[in-house]
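*Asks:* heads up, no residue letters with this:
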């Protein structure tokens, strides 16, 4: 009970002896990897979590870009607020190692490489912050805790200086890291892959960001001078070509191209394509992607939030696309519907990469045959009957189906609960569910678009196993396909802007060859010649194939469409639209569109799974229940620096429009 002096170190303070040994430094580094701002399965817009580490990850950027929609988030994604302090905590921890480890060179095995790895982590974290805010405060040394408040204030550096700082860290990492590493940790080729991404962003900001430049006292906080664009694109190309030396390659482990593309994500741990991944395990760190995003019949709870839009689907080859509009064309020249056999007939000839990215109606997953149908056409109507399109597909009409007189008289739809609906009994005695058990649904659960996504879903999990807090499939943060696309884009940007040849390679032809590598693996139609990557006028929405994805010219549009197809649902396209500065024009008065399949009752029967099969027509239109008119606000090209940070550090300048 009496006071006495205890010479015992506090248990919550780490000493140099704790950290600067092989086990200690590895644990310290693992902690930093766990806290880098990786947009993985657990990213969120919820500011309570700083944008990360939240199980309910349905608030993702894909709902803003024309990739997906879900019933919980039918509007536009607001950038996750508040990520500032968390980033500087990671940066401080990296700075501790960068400053201290040189004293241990010679006594701590691998000290030089640990320094390089810490600089990779610092670069990764700064890059995320610079993507959000433009120029930020560069702190490259450990600030003393006992310093006066004003000594801790640091002003924002220019946007360009921040990118150059990040690239210098990555160059150091490339030079000083080994060629291989454990899964989930960086090595020289991971650093090169990240550099290809970083330099591509810097080049894009220099080329396209002049409208939103913001300078204070001669420091360009947002924007990079245009004359620097080619230099950054050259760095992006150089870094991308270096990654090939690391033995990475597009995954081609399955001769079935549809299944092959799906396996890129389900076999991330062993794939030749995985450059940088985050692994999960049941004890320490799990995610909820399977339980949140599977169709409800394929999960024990939740589900149905993975509603892929028609606008994205229309980018793929092999569909009946009208070349004059770039839109799916389910009707003939007189406006009468085509008929298709089977629930997945529309997608029979579609690019395998599409079929590997969505769940195809009529196919079986996890023992469940996917059943998507909006309604049933009366048995008195023969499938050979010419039927005029029910509602316009004009990007604006939100007419109800029942407002069409022919539809009201001849088509059955239901507002019943999808799982307890009253079937339609036809003359053969077959009882047909009117609405598909997997949608599309006009209220509550199941797809709002006529599509369920597949990418990332673990189909090896049974329905009973698909529950909360159990998913452990790895997230691929960087894969080789992205590196190739970075290379192609950088090459074409150079080719079109005065650099026809770089490092002995013809830039336009290099872009052509790389794009065809991606297309070949996905089963897409190959480009016929490099001349297709031209400076001819690009299509706009509704005027030609790929017109949904805006670009300065047709060649760059083809490259950007390829990114849209390949990298969808990977948290990449949201940032692409921001760095291209096309977000506010592409997502302007934009309404998501859907496919509504209708089954002819005449001639219909039941599959072995009990689902109706027969002949179908497909109507395309604005989503019935996700018809929100979306606009991207230009202020989000650069986000708001948290007001609390500006109060703490008066040297910080706020971004425009806030």
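*Replies:* It's in. Bear in mind the structure is a predicted one, so any value in this text is a computation, not a measurement.
*Asks:* where does this protein have low pLDDT?
*Replies:* Low-confidence segments of the chain (pLDDT under 70): 1-15, 17, 47-50, 80-81, 443-444.
*Asks:* give me that answer again for 50
*Replies:* 1-13 (pLDDT under 50).
*Asks:* hey, which helix is longest across it?
*Replies:* helix 111-133 (DSSP state H).
*Asks:* give me the number of residues near the residue lying closest to residue 312 once chain neighbours are set aside?
*Replies:* Spatially, and ignoring its direct neighbours in sequence, residue 312 is nearest to residue 67 (5.3 Å; Cβ to Cβ, 6 or more residues apart in numbering). No exception for glycine: its C-beta is placed from N, CA and C like everyone else's. Residue 67: 23 surrounding residues under other Cβ atoms under 10 Å.
*Asks:* what's the answer for residue 350, then?
*Replies:* Residues near residue 350, counting by other Cβ under 10 Å: 20.
*Asks:* ok, now how distant is it from residue 120?
*Replies:* Using Cβ to Cβ, to the nearest Å, residue 350 is found at 40 Å from residue 120.
*Asks:* cool, residue 493 as well?
*Replies:* 26 Å.
*Asks:* what about these two, which has more around it?
*Replies:* More neighbours surround residue 120 than the other of residue 493 and residue 120, with 30 against 27 (other Cβ under 10 Å).
*Asks:* tell me who's in contact with the closest residue to residue 55 other than its chain neighbours.
*Replies:* Leaving aside its chain neighbours, residue 55 sits nearest to residue 288 (4.8 Å; criterion: Cβ to Cβ, 6+ apart). Residue 288 sits next to 41, 55-57, 302, 468-469, 471 when contact means Cβ atoms under 8 Å, 6 or more residues apart in numbering.
*Asks:* any figure for the gap between residue 288 and residue 470?
*Replies:* Relative to residue 470, and taking Cβ to Cβ, residue 288 is found at 9 Å.
*Asks:* buried stuff in the longest helix of the chain?
*Replies:* 111, 113-133 (16 or more other Cβ atoms under 10 Å).
*Asks:* now do stretch 637-650
*Replies:* 637-642, 649.
*Asks:* dump the residues you listed into CSV; add distance to residue 168 and secondary structure as well.
*Replies:* Output for the buried residues of stretch 637-650, formatted as CSV (distance: Cβ to Cβ, whole Å; DSSP: H, G, I helix; E, B strand; the rest coil):
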residue, distance to residue 168, secondary structure
637, 25, helix
638, 23, coil
639, 24, coil
640, 28, coil
641, 24, coil
642, 27, coil
649, 24, coil
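*Asks:* other SSEs contacting whichever helix or strand residue 193 is part of?
*Replies:* Following DSSP states H and E, one finds residue 193 within helix 188-208. For helix 188-208, the helices and strands in contact under the criterion 3 or more Cβ pairs under 8 Å, 6 or more residues apart in numbering; DSSP states H and E are helix 111-133, helix 159-176, helix 229-243, strand 274-278, strand 475-479, helix 480-495, helix 573-580.
*Asks:* deepest-packed of these, please.
*Replies:* Sort these by mean neighbour count, taking mean count of other Cβ atoms under 10 Å, and helix 480-495 sits at the top with a mean of 27.
*Asks:* chain center to it, what's the gap?
*Replies:* 17 Å (Cα atoms, centre = their mean, to the nearest Å).
*Asks:* just checking, next helix/strand downstream of that helix?
*Replies:* strand 501-502.
*Asks:* contacts for that following strand, please.
*Replies:* 234, 237, 491, 494, 507.
*Asks:* change it to 10 Å
*Replies:* Defining contact as Cβ atoms under 10 Å, 6 or more residues apart in numbering, one finds that strand 501-502 is touched by 230, 233-234, 237-238, 241, 490-491, 494-495, 507-510.
*Asks:* you'd agree residue 363 is up against residue 369?
*Replies:* Yes. Under the criterion of Cβ atoms under 10 Å, residue 363 makes contact with residue 369 at 7.2 Å.
*Asks:* okay, and the common contacts of those two?
*Replies:* With Cβ under 10 Å, 6+ apart as the test, residue 363 and residue 369 both reach residue 343.
*Asks:* give me the more crowded residue out of the two.
*Replies:* Counted by other Cβ under 10 Å, residue 363 and residue 369 do not tie: residue 369 has more neighbours, with 19 against 15.
*Asks:* give the bridge partners for that one, please.
*Replies:* Assessed by DSSP bridges, residue 369 has beta-bridge partners residue 364.
*Asks:* residue 478 too?
*Replies:* residue 276.
*Asks:* so it sits against residue 187, correct?
*Replies:* No. Contact criterion Cβ under 10 Å: residue 478 and residue 187 do not qualify, at 11.9 Å.
*Asks:* overlap in contacts of those two?
*Replies:* Residues touching both residue 478 and residue 187 (Cβ under 10 Å, 6+ apart) are 193, 275-276.
*Asks:* for those, give me TSV that also has distance to residue 153.
*Replies:* Below are the shared contacts of residue 478 and residue 187 laid out as TSV (distance: Cβ to Cβ, whole Å):
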residue	distance to residue 153
193	35
275	38
276	34
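*Asks:* and which of those residues is nearest residue 245?
*Replies:* residue 193 (11.4 Å; Cβ to Cβ).
*Asks:* which residues touch that closest one?
*Replies:* By Cβ under 10 Å, 6+ apart, the contact set of residue 193 is 170, 186-187, 239-240, 242-243, 246, 248, 275-276, 477-480, 482-483, 486.
*Asks:* make it 8 Å
*Replies:* 239-240, 243, 275-276, 478, 480, 482-483.
*Asks:* out of those residues, who's nearest residue 295?
*Replies:* Among the contacts of residue 193, and counting by Cβ to Cβ, the member closest to residue 295 is residue 482, at 27.7 Å.
*Asks:* list the residues that contact the closest residue to that closest one other than its chain neighbours.
*Replies:* Counting by Cβ to Cβ, 6+ apart, residue 482 lies nearest to residue 567, which is 6.1 Å off, once chain neighbours are set aside. For residue 567, the contacting residues are 481-482, 485, 573, 576, by Cβ under 8 Å, 6+ apart.
*Asks:* again with residue 139
*Replies:* Residues in contact with residue 139 (Cβ under 8 Å, 6+ apart) are 88, 91-92, 95, 154.
*Asks:* for those residues, which one is nearest residue 210?
*Replies:* Nearest member of the contacts of residue 139 to residue 210, counting by Cβ to Cβ, is residue 154, at 26.9 Å.
*Asks:* and for that closest one, the neighbour number?
*Replies:* Counted with other Cβ under 10 Å, the neighbours of residue 154 add up to 15.
*Asks:* what does residue 429 give?
*Replies:* Residue 429 has 6 neighbouring residues, counting by other Cβ under 10 Å.
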